[in-house]
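Engineer: Make a model of this:
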Amino acid sequence: MRRELHAEWTKLRTTRGTGGLLLGIIALTLAVSAAAVASVSCPEAGCAYDTTRISLFGVQVGQAIVAVLAVLAITGEYGTGMIRTTLTAMPRRVAVLAAKAAVLTGLTLAAGTLAVLASVLAGRLILPGNGFTAAHGHPLMSLADGPTLRAAAGSVLYLALIGLLSLGVATAVRESAAAIAVVLGLLYLFPIIITLVVSGQDWQRLLWQISPTNAGLTIQATTRLSSLPLSPWAGLGVLAGWAAAALLGGGLLLSRRDA
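Structural biologist: Numbering: from 1, shown residues only. Model (predicted):
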């Protein structure tokens, strides 16, 4: 496994565009989060906003770049034919996929941590100027607060799980554009379909609970938790299940078919 990890780290580190995508995760997440907190205000006491969740809104956009990074981590090799060389040099295919997943997770956790910390800092700096003060029922946001820390740490894990889900899908599909379309459709189109197309509250609630985006992002909630269809950690567990299923399916296909 050590050889596979070294090889995958070398490939991903030296692939053109990896650095730009990692910087893009940080920059886009921060920019959208800052715009989100700048767009809300609390002129008087009693504003019912979840300021932590608003400050982490950029994660919903940054996840798209995480998905692209994860897809290209394997489809790039299929596109160039390099995958044949990889699997000839390292015939343990499941170990190759596991190494890709480990390296991708490490990079995503690093970029995600910086993106989330920057977003929290943006909220801490901007929100008080928009009326979110202790006098209005909104103390200064801090990671020393348990729910805020859970939301921040959970958002980093959310991005890592999105990366693993995308890697699994890309391993199964093997084509960049198709894999990206599948993942982004699952992340962004599926929640819209639930809201606009599905009729019946029971069906909407069920599909909401199994949606990787809706369920996973409950980890960011810090207020009115009893009204959520899932608890924060249970929601992140749903996303973890999606990621595990995608990796398992991708790994089985990788081990059984020709490169």
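Engineer: which residues touch the nearest residue to residue 186 once chain neighbours are set aside?
Structural biologist: Excluding the flanking residues, the one nearest residue 186 by C-beta to C-beta, 6 or more residues apart in numbering is residue 212, at 6.3 Å. Heads up, the C-betas are built off the backbone N, CA and C, glycines and all. Residues near residue 212 by C-beta atoms under 8 Å, 6 or more residues apart in numbering: 162, 165, 186, 187, 190, 238, 239, 242.
Engineer: Show me what counts as buried in the helix or strand hosting the first one.
Structural biologist: By that I understand residue 162. Per DSSP states H and E, residue 162 falls inside helix 146-173. For helix 146-173, burial by neighbour count (16 or more other C-beta atoms under 10 Å) applies to 148, 150-152, 154-173.
Engineer: centroid residue for the chain?
Structural biologist: Computing the C-alpha centroid of the chain and ranking residues by C-alpha atoms, centre = their mean puts residue 159 first, at 2.5 Å.
Engineer: before we move on, the earlier item: from the contacts of residue 212, which is closest to residue 219?
Structural biologist: Residue 219 has its nearest neighbour among the contacts of residue 212 in residue 239, at 8.5 Å by C-beta to C-beta.
Engineer: Model confidence score at residue 187, please.
Structural biologist: Per-residue pLDDT puts residue 187 at 96.
Engineer: Name all residues that make contact with the residue nearest to the centre of the chain.
Structural biologist: 25, 59, 62, 63, 66, 108, 109, 111, 112, 115.
Engineer: Figure out the helix or strand that the nearest residue in space to it that is not next to it in sequence lives in.
Structural biologist: Excluding its sequence neighbours, the residue lying closest to residue 159 (C-beta to C-beta, 6+ apart) is residue 112, at 3.9 Å. Assigning secondary structure by DSSP H and E places residue 112 in helix 93-126.
Engineer: Pull out the buried positions in that helix.
Structural biologist: For helix 93-126, by 16+ other C-beta under 10 Å, it's 93, 96-105, 107-108, 111-116, 118-124, 126.
Engineer: which strands and helices sit next to that helix?
Structural biologist: If contacts are counted by 3 or more C-beta pairs under 8 Å, 6 or more residues apart in numbering; DSSP states H and E, helix 93-126 sits against helix 2-14, helix 18-38, helix 51-55, helix 59-80, helix 82-89, helix 146-173, helix 232-256.
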